[in-house]
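Q: Dropping a prediction and its sequence here:
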Amino acid sequence: MKAVTWHGKEDVRVENVPDPEIVNPRDAIVKISLTAICGSDLHLYVNRIPTMESGDILGHEFMGEVVALGSEVKNLSIGDRVVVPFTISCGGCYYCKNDLYSLCDNSNPNAAMAEKIYGHSPSGLFGYSHMLGGYAGGQAEYVRVPFADVGPIKVPDGLSDEQVLFLSDIFPTGYMAAENCGIKEGDTVAVWGCGPVGQFAMWSARKLGAGRVIGIDRFPERLRLAKEYTGATTINYEEVDVFETLQEMTSGRGPDACIDAVGSEAHGLTLDAWYDLAKEKMMLSTDRGHVARQVIHSCRKGGTVSIPGVYGAFLDKFPLGVAFAKALQLRMGQTHVHRYLPMLLDYIREGELDPSYLITHRMPIERAPEMYRTFMEKEDDCIKVVLKP
Ligand SMILES: [Zn+2]
Ligand SMILES: [Zn+2]
């Protein structure tokens, strides 16, 4: 089959690889109908995530048709159309039973690698390094889905692939980021990064009762979408000072909650952002933390900072003392996708949100290498790329 494979820094190829097969009785094989490139795939693209190996199949946002089932998968049938969560969860461990699916204890066969860095291992992920399971991803014609009796959600007829694909990651990720803010009716929520996760976080913040949502970015098209689809007020950080502007907008108090939907490859115009770039060039740091610092600096006292943006490992100059002095709550982590799927699918079915508005590029999978570059450079107003195998 054809698959998008990783070969090192900025080297992604479309190659012929062996088809996946059922390995365990709880597996399914899904024939991919639509898959997307995620912002977090770009962390792999620039070789920022350790333990990738040449030839690894990329992709953790995908959906398709069930074409083979292991003997123990009773809830799915051949021919079902499903969306698959990017986090792999067994459904039976302490974490899964407590709705903390992205912390599953049983889905990362390489847990020992992750434990060396993190102390404990999070769940396995599709297409996201050997440290997180070494699972083949879904930017391919077929994918093996482990624990298929737990993860995939069936899609009702009448909804297009484009409408439901983002249930695999970015819609639940944006939703959980907003939920983590503990929003009270009328709160002001500021969101750094108006990419797909930021957009869904802004929509969800409104849904959860925020009175005002503020989107921060530098790309005019992203700011425009934030205004149009989520009713956000926007700040272009290349034009104004973010902290000062937020202060003015909130009578000097700061937003009630701040969401970092950017993660470890933050851009910035302040001294600390240049410091991060310099350290990175000297290979002295794994993460550029400008936004993580700015959200903590900007949030009101006693407020909540929510971080859906991905960080690799060790962030330099993390202002823990600032968070302490302001008594902030910090919430973060990979999304417990399974927890949100039925509710978010209902929102889509009821027409409250059609997530496909974010798709700017629709391409055959053969053009993946070019699309990774376009997405990374944010050329051509690129916001979300979907690929058809
Ligand atoms: Zn993703
Ligand atoms: Zn589990």
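A: The structure has been received and is ready for your questions. Ligands and ions are numbered 1, 2, ... in the order given.

Q: in the stretch 201-350 of the chain, which spans are helices?
A: For the stretch 201-350 of the chain, the helices defined by DSSP state H, counting those that start in this stretch cover 220-230, 242-249, 271-281, 290-298, 320-325, 337-349.

Q: Of these, which is nearest ligand 1?
A: helix 337-349 (10.0 Å; C-beta to the ion). Backbone N, C-alpha and C define where each C-beta goes, glycine included.

Q: May I see the buried residues of the closest one?
A: For helix 337-349, the neighbour count (16 or more other C-beta atoms under 10 Å) marks Val337, His338, Arg339, Tyr340, Leu341, Leu344, Leu345, Tyr347, Ile348 as buried.

Q: which stretch among the helices of the stretch 201-350 of the chain comes nearest Lys116?
A: helix 271-281 (22.3 Å; C-beta to C-beta).

Q: Neighbours of the residue in the stretch 101-250 of the chain positioned nearest to ligand 1, how many?
A: Sorted by distance to ligand 1 under C-beta to the ion, the residues of the stretch 101-250 of the chain start with Asp169, at 3.7 Å. A total of 29 residues lie near Asp169 under the criterion other C-beta atoms under 10 Å.

Q: Next, work out how far apart it and Ser102 are.
A: Using C-beta to C-beta, to the nearest Å, Asp169 is found at 11 Å from Ser102.

Q: which neighbours do the two share?
A: Thr335, Val337 (C-beta atoms under 8 Å, 6 or more residues apart in numbering).

Q: For stretch 199-214, the averaged confidence score.
A: The pLDDT scores in stretch 199-214 average 98.

Q: Quick check: residues of the stretch 1-150 of the chain near ligand 1?
A: Applying C-beta under 5 Å from the ion, one finds that the stretch 1-150 of the chain approaches ligand 1 through Cys38, Ser40, Glu61.

Q: Could you say which helix or strand holds the second one?
A: For Ser40, the enclosing helix or strand under DSSP states H and E is helix 39-45.

Q: buried ones in that helix?
A: For helix 39-45, by 16+ other C-beta under 10 Å, it's Gly39, Ser40, Asp41, Leu42, His43, Leu44, Tyr45.

Q: confidence score at the fourth one?
A: At Leu42, the predicted lDDT confidence score is 93.

Q: just use 21 as the starting number from now, easier for me
A: Let's use 21 as the start, then, which means that last one is Leu62.

Q: any idea how far it lies from ligand 2?
A: 28 Å (C-beta to the ion, to the nearest Å).

Q: who touches the nearest residue to Ile77 once chain neighbours are set aside in this structure?
A: Sequence neighbours aside, Ala156 is the residue nearest to Ile77 in space, at 4.1 Å (criterion: C-beta to C-beta, 6 or more residues apart in numbering). By C-beta under 8 Å, 6+ apart, the contact set of Ala156 is Ala23, Pro40, Asp76, Ile77, Phe146, Gly147, Val163, Arg164.

Q: and if you look at Asp125?
A: Contacts of Asp125 (C-beta under 8 Å, 6+ apart): Cys110, Cys113, Tyr114, Tyr115, Ala131, Ser141.

Q: which SS class is the closest residue to the second one other than its chain neighbours?
A: Yep, that's Cys113 we're talking about. Of all residues not flanking Cys113 in the chain, Asp125 sits nearest, at 4.2 Å (C-beta to C-beta, 6+ apart). The local conformation at Asp125, judged by DSSP: H, G, I helix; E, B strand; the rest coil, is coil.

Q: which phi and psi does Asp125 have?
A: Note on Asp125: backbone dihedrals following degrees, to the nearest 10 are phi -80, psi -10.

Q: Need the pLDDT of it.
A: So, for Asp125, pLDDT stands at 97.

Q: in the stretch 171-320 of the chain, which spans are strands?
A: Per DSSP state E, counting those that start in this stretch, the stretch 171-320 of the chain carries strands over the ranges 173-174, 208-212, 232-237, 253-256, 277-280.

Q: May I see these organised as JSON lines, with distance to Gln183 added?
A: Output for these, formatted as JSON lines (distance: least, C-beta to C-beta, whole Å):
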{"stretch": "strand 173-174", "distance to Gln183": "13"}
{"stretch": "strand 208-212", "distance to Gln183": "23"}
{"stretch": "strand 232-237", "distance to Gln183": "23"}
{"stretch": "strand 253-256", "distance to Gln183": "26"}
{"stretch": "strand 277-280", "distance to Gln183": "24"}
